[in-house]
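A.B. asks: Provide a 3D model corresponding to the input given below.
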Amino acid sequence: MTSDPSTYAGYRFPAEIISHAVWLYHVFSLSLRDVELILAERGVTVTHESIRNWCRKFGSEFAAKRFFKRLLAGLKYKPRRLVTDGLRSHGVAQRELLPEVRHRSSRYLNNRAENSHRPTRRRERQMQRFKSPEQAQRFLSAHSMIYGQFRPRRHLIAAGEYRRARTKAFRSWQQETCVQAAC
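C.D. replies: Residues are numbered from 1 along each chain as shown. Below you'll find the model as predicted:
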């Protein structure tokens, strides 16, 4: 992203507002206009088009960096080669987190099992379908990672464990977006 955690170069809003808008959009089934309304209620005047641009630009980078950190945390060794699909944000995250690892990008080499698509389908219906495959790919690449981080399988864990997972997710989000929590 940027070296200065409090601002994004070229954006008039601070990082806290941008990351909060991206978080609201991806975690809850909210439209861009709903996020605009929530921010307006808090005194932030921003258009839904600006929020769309933020989600498009920053959403996939947050998801990709989180994905690689989570993937590496479970490994007992350092990989020599990394295979991903053609999503460009994976390359950005790989260069930042694993610069010495060889990266191969192919849609055929990385054919993992599919997860449940109910949250994605719900969001797609709310958006009244995707207008193009590119729009669908941009949305899905960021949405799945961000949504999954804040939606643990609550029915399978105890309340205390759920609260700890939620707190960890918020800490991770703040760390990835370089935002300090407002007290």
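A.B. asks: Any idea which helix or strand in this structure has the lowest mean pLDDT?
C.D. replies: Scoring the helices and strands of the chain by mean pLDDT, DSSP states H and E places helix 118-126 at the bottom, with a mean of 63.
A.B. asks: Can you give me the distance of Val27 to Arg151?
C.D. replies: Using CB to CB, to the nearest Å, one gets 7 Å for the distance from Val27 to Arg151. In short, each C-beta sits where N, CA and C put it, glycine included.
A.B. asks: Quick check on the two: which one has the bigger neighbour count.
C.D. replies: Val27 (17 against 14; other CB atoms under 10 Å).
A.B. asks: In space, what's closest to that one - neighbours in sequence excluded?
C.D. replies: Phe150 (4.5 Å; CB to CB, 6 or more residues apart in numbering).
A.B. asks: Contacts only, for the one you found.
C.D. replies: When contacts are counted by CB atoms under 8 Å, 6 or more residues apart in numbering, Phe150 touches Trp23, Val27, Arg166, Ala169, Trp173.
A.B. asks: same check, this time on Ile51
C.D. replies: With contact set as CB under 8 Å, 6+ apart, Ile51 has these partners: Ala21, Val22, Tyr25, Leu32, Val35, Glu36, Leu39.
A.B. asks: ok, which pair from those residues is furthest apart?
C.D. replies: Spatial extent of those (CB to CB) is set by the pair Val22 and Glu36 at 13.0 Å.
A.B. asks: higher neighbour count, these two?
C.D. replies: Each of Val22 and Glu36 has its neighbours counted (other CB under 10 Å); Val22 has more, 25 against 22.
A.B. asks: Got the phi and psi for the closest residue to Arg154 other than its chain neighbours?
C.D. replies: Leaving aside its sequence neighbours, Arg154 sits nearest to Tyr162 (CB to CB, 6+ apart; 5.4 Å). Torsion angles at Tyr162 (phi, psi; degrees, to the nearest 10) stand at phi -60, psi -40.
A.B. asks: how many other residues sit next to Tyr162?
C.D. replies: Residues contacting Tyr162 under the criterion other CB under 10 Å number 15.
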